[in-house]
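Undergrad: Just to be clear, the model below is a prediction. Sequence and coordinates:
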Amino acid sequence: MSEQQVIQSDIALSVEEIRQIDAELAHMPQKSGAAIDALKIVQRQRGWVSDESLIAIARHLDMSPEALEGVATFYNLIYRQPVGEKVVLFCDSVSCWICGCDSVKQKISEKLGVDYGETTADNQYTLIPVPCLGACDKAPVMMVGDDLHTNLNNEKIDQVFSNRTGLNKTGSNQTGADTTGEGEDA
Amino acid sequence: MENSSIETPMNEKVLTRNIGPDLVPTDMAAYEANGGYRAFHKVMSGMSPADCLEVIEASNLRGRGGAGFPTGMKWSFVPMGEKCSPGHKYLVCNADEMEPGTFKDRLLMECDPHQLIEGMILAAYTIEADRSYIFIRGEYVVAIERLEQALADCYKKGYLGENILGSGFDLEMHVHTSAGRYICGEETALINALEGKRANPRAKPPFPQVSGLWGRPTIVNNVETLCNISHIIDKGPEWFQSLGLGEDAGTKLYGASGHVKNPGCWELPIGTPVREILEKHAGGMAEGRKLKGFLPGGGSTDFLVEEHLDLPMDYGSIGAAGSRMGTGTMIVLDDQTCPVGMVLNLIRFFAHESCGFCTPCREGLPWTRQVLEDIEAGHGRKEDLETLLRQVKYIGAMGNTHCALAPGAMEPLQSALKYFQSDFEAHVEQGCCPYVSDIKAPGLKAPDIKQTQGESA
């Protein structure tokens, strides 16, 4: 990698990101030990991990970009593509399946106009399946951003995404607010 | 909040004594007011690590993460004192609760975080660890926040850090949030994840107790296991043993999900009969549904059926019946849910979560998934059932795979083939899924399946 690229890579990380990554490095015997933490730090700031970010993190941790890519793509919650403002983690594991999550998923897809792995046109939501969320007594469940939503059915989906009119791919929604989706503790 | 002081041992709440129906989290003051950190003070003011180990070994506590390995014995493998080369030792809490159908550790961490931390301090002290991590899945946002707060409170009071309460014992504790993947629950995969690597399980030996995190002695214990420690130290191994109904000691968080009247999670004496859990606590089957089978302890345990309802839920009894108690949280299959569909859902999960390291798991599970998809979609052939049996035999055999993920995936399949064989055959013969499904095929008639539970064993 040329000197020019190295400089660009360092620039790709903000001062704040570097500060947070270095704080993790302080209690690691090896720099590469902070790989997952560093990916999460950058993702928290930027929503996802771009190629440029990945290369910059790899340089900072004395890792090859290929090795770091191997780590980044292994984990479900590291996003190597841009995601919407909120990620919808939809549980499709066994208890939720028994309790009818397939029909709820269909409802969400109709409401948001997206399938798994897709982001709404207005960039508000990305829909992703997630392994068992550990709230099986309240199945079906999902997370929208940091909030857990339980005992899902079609009416619940209408409430949680009440700011959507259905199949809304125009990005006309202005509020961006999840009006009724207050967090529920298990 | 329940007052446990006047309850008989049979009903004693231990792990959930601070957890009321309102699920209000217990803070430092409330925890200490109800006897919290009493065991910690007792140990810091005069018990040696060897004393603590003796108590835990005598208690017969077995790991609550699923495998049921005796906790004291696990700890006893850690090299101690001068027998250990200089450097850090680690205690890691496995809070990566991802076994399908399992929802017990979330409750313990969200509602009583100090109970876990006290258990971890005592465990770390016992094995002379000076570094500890709570490895928790990133989706447990509320638990992470409450554990971070509880840790901050402990540092403030001098319960963590250097020279804790003047005892000369140092301990750092961090919350590490995982970036996902079921395989992180396997202890050596978890250690790789903590080191910032892909979470492929490691070859054993060396065992983590000798060479784990960064090549140093490491103990990995489940949340519920660690939550028991302070109580055992406080009240003694005899008391702990008296809590269990059969061979095993202590209480257990049991749960039920699926179409039961009252799905939930309850702390009961270990060894409580399955029937009592399903009928008394879960309220029986939901209106209009009958029990067809159940996975006793998560997605990687074998189905049991009605004839097993009177078995005690303990390691030995459930094991003797051909399954595993696993995490103790049951997934209930009713007579209107397709068993082939349920197993397909599980195999999809395991195929997706395979780390890809070894061939039988990486290639075998997607093959199994494909066969099941064909059967469920009505394209199955008679010989597919033979194929599934062969897959169970070769993928399910311990030693053919690098870790227990693929053998675990085969457990619900092999038992479904045994107890629900007629359902598989009906799919093939009728060329469709015979179950009423309000999701995919509304209006289908009730399933035309003859019940053969157990007879093909």
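TA: Structure received.
Undergrad: how about low-confidence regions in the chain?
TA: All of this is about chain A. Low-confidence segments of chain A (pLDDT under 70): A:1-11, A:165-186.
Undergrad: my bad, chain B
TA: Using pLDDT under 70, the flagged stretches of chain B are B:1-10, B:436-457.
Undergrad: Please repeat the previous calculation with a cut-off of 80.
TA: B:1-11, B:436-457 (pLDDT under 80).
Undergrad: Would you map the strands across it?
TA: With DSSP state E as the criterion, chain B has strands at B:90-95, B:131-137, B:172-178, B:218-222, B:251-258, B:264-269, B:291-295, B:329-334.
Undergrad: Need those strands in TSV (columns: distance to B:Thr301).
TA: (C-beta placed from N, C-alpha, C; glycine too.) What follows is the strands of chain B, written out as TSV (distance: least, C-beta to C-beta, whole Å):
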stretch	distance to B:Thr301
strand B:90-95	18
strand B:131-137	20
strand B:172-178	23
strand B:218-222	16
strand B:251-258	13
strand B:264-269	17
strand B:291-295	5
strand B:329-334	9
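Undergrad: so what's the residue in the stretch 151-300 of chain B that chain A sits nearest to closest to, chain neighbours aside?
TA: Using C-beta to the nearest C-beta, the closest approach of the stretch 151-300 of chain B to chain A is made by B:Gly180 at 3.2 Å. Spatially, and ignoring its direct neighbours in sequence, B:Gly180 is nearest to A:Asn76 (3.2 Å; C-beta to C-beta, 6 or more residues apart in numbering or on different chains).
Undergrad: And for A:Ser14?
TA: The shortest distance from A:Ser14 to any non-neighbouring residue, by C-beta to C-beta, 6+ apart, is to A:Gln45 (6.7 Å).
Undergrad: so how many other residues sit close to that neighbour?
TA: As a burial measure, A:Gln45 scores 13 neighbours (other C-beta atoms under 10 Å in any protein chain shown).
Undergrad: ok, now which ones touch it?
TA: Shown in contact with A:Gln45 (C-beta atoms under 8 Å, 6 or more residues apart in numbering or on different chains): A:14, A:16-17.
Undergrad: next one: B:Val392
TA: With C-beta under 8 Å, 6+ apart, B:Val392 has these contacts: B:410, B:413-414, B:417.
Undergrad: and the gap between the closest residue to it other than its chain neighbours and B:Tyr37?
TA: Spatial nearest neighbour of B:Val392, chain neighbours left out: B:Gln414 (4.3 Å); criterion: C-beta to C-beta, 6+ apart. According to C-beta to C-beta, to the nearest Å, B:Gln414 and B:Tyr37 sit 46 Å apart.
Undergrad: repeat for A:Gly47
TA: Between A:Gly47 and B:Tyr37 the computed distance is 41 Å (C-beta to C-beta).
Undergrad: Just want to know which of these two has more residues nearby.
TA: Neighbours were tallied for A:Gly47 and for B:Tyr37 using other C-beta under 10 Å; the higher tally belongs to B:Tyr37 (21 against 16).
Undergrad: I'd say the more buried one and B:Tyr31 touch.
TA: Yes. Using C-beta atoms under 8 Å, B:Tyr37 is in contact with B:Tyr31, at 7.1 Å.
Undergrad: and A:His27, what element?
TA: Assigned by DSSP states H and E, A:His27 belongs to neither a helix nor a strand.
Undergrad: Smallest gap between chain A and chain B, at which residue?
TA: Per C-beta to the nearest C-beta, A:Asn76 is where chain A lies closest to chain B, at 3.2 Å.
Undergrad: what about that residue, how many residues close to it?
TA: Around A:Asn76 there are 20 residues (other C-beta under 10 Å).
Undergrad: Which of the three states applies to it?
TA: Per DSSP: H, G, I helix; E, B strand; the rest coil, the secondary structure class of A:Asn76 is coil.
Undergrad: Relative to B:Arg181, how far out is it?
TA: Going from A:Asn76 to B:Arg181 by C-beta to C-beta gives 6 Å.
Undergrad: Likewise for B:Leu91?
TA: 22 Å.
Undergrad: Kindly report the same for A:Arg46.
TA: 22 Å.
Undergrad: Then A:Val42?
TA: Distance from A:Val42 to B:Arg181, by C-beta to C-beta: 19 Å.
Undergrad: before we move on, what about A:Ile98?
TA: From A:Ile98 across to B:Arg181, the span is 23 Å (C-beta to C-beta).
Undergrad: What about B:Cys367, how many residues nearby?
TA: Slight slip there: residue B:367 is Trp, not Cys. Residues lying near B:Trp367 (other C-beta under 10 Å) number 16.
Undergrad: ditto for the one 10 residues further on
TA: Residues near B:Ala377, counting by other C-beta under 10 Å, number 13.
Undergrad: Repeat that for A:Val104.
TA: By other C-beta under 10 Å, the residues close to A:Val104 number 24.
Undergrad: That one touches A:Asp158, doesn't it?
TA: No. Applying C-beta under 8 Å, one finds A:Val104 not in contact with A:Asp158, separated by 11.3 Å.
Undergrad: ok, the residue nearest the centre of chain A - contacts?
TA: With distances taken as C-alpha atoms, centre = their mean, A:Val87 lies nearest the centre of chain A, 5.0 Å away. Taking C-beta under 8 Å, 6+ apart, we find A:Val87 in contact with A:79, A:125-126, A:128, A:143, A:145.
Undergrad: Number of residues surrounding the closest residue to B:Phe420 other than its chain neighbours?
TA: What sits nearest to B:Phe420 in space, not counting adjacent residues and going by C-beta to C-beta, 6+ apart, is B:Pro339, at 4.2 Å. By other C-beta under 10 Å, the residues close to B:Pro339 number 25.
Undergrad: likewise B:Glu186?
TA: 24.
Undergrad: same thing with B:Gly166?
TA: 9.
Undergrad: What of B:Ser323?
TA: If you count neighbours by other C-beta under 10 Å, B:Ser323 ends up with 22.
Undergrad: Tell me the spacing between the closest residue to it other than its chain neighbours and A:Tyr116.
TA: For B:Ser323, ignoring the flanking residues on the chain, the nearest one in space by C-beta to C-beta, 6+ apart is B:Asp302 at 3.8 Å. Separation of B:Asp302 from A:Tyr116 (C-beta to C-beta): 30 Å.
Undergrad: Between those two, tell me which one has more neighbours.
TA: Neighbour count, other C-beta under 10 Å: between B:Asp302 and A:Tyr116, B:Asp302 has more, with 24 against 13.
Undergrad: any idea how far the more buried one is from chain A?
TA: 14 Å (C-beta to the nearest C-beta, to the nearest Å).
Undergrad: which bits of the stretch 201-350 of chain B sit near chain A?
TA: Residues of the stretch 201-350 of chain B lying close to chain A by C-beta under 8 Å from any C-beta of the partner chain are B:214, B:255-259, B:263-265, B:295, B:299, B:329, B:331-334, B:337, B:341-342, B:345-346, B:349.
Undergrad: if you set the cut-off to 10 Å instead, what comes out?
TA: B:213-216, B:255-260, B:262-265, B:282, B:286, B:295, B:298-299, B:329-334, B:336-338, B:341-346, B:348-350 (C-beta under 10 Å from any C-beta of the partner chain).
Undergrad: Narrow those residues to those that are buried.
TA: The neighbour-count criterion (16 or more other C-beta atoms under 10 Å in any protein chain shown) marks B:213-214, B:216, B:255-260, B:263-265, B:282, B:286, B:295, B:298-299, B:329-334, B:336-338, B:341-346, B:348-350 among these as buried.
Undergrad: can you map out the strands along chain A?
TA: Taking DSSP E, the strands of chain A run over residues A:86-91, A:125-130, A:142-144, A:147-149.
Undergrad: and the second one, is it in reach of chain B?
TA: So the one you mean is strand A:125-130. Yes. Strand A:125-130 lies within reach of chain B by C-beta under 10 Å from any C-beta, at A:129-130.
Undergrad: between that strand and strand B:131-137, how big is the angle?
TA: Strand A:125-130 runs at 110 degrees relative to strand B:131-137, counting by axes from the mean of the first three to the mean of the last three C-alpha atoms, to 10 degrees.
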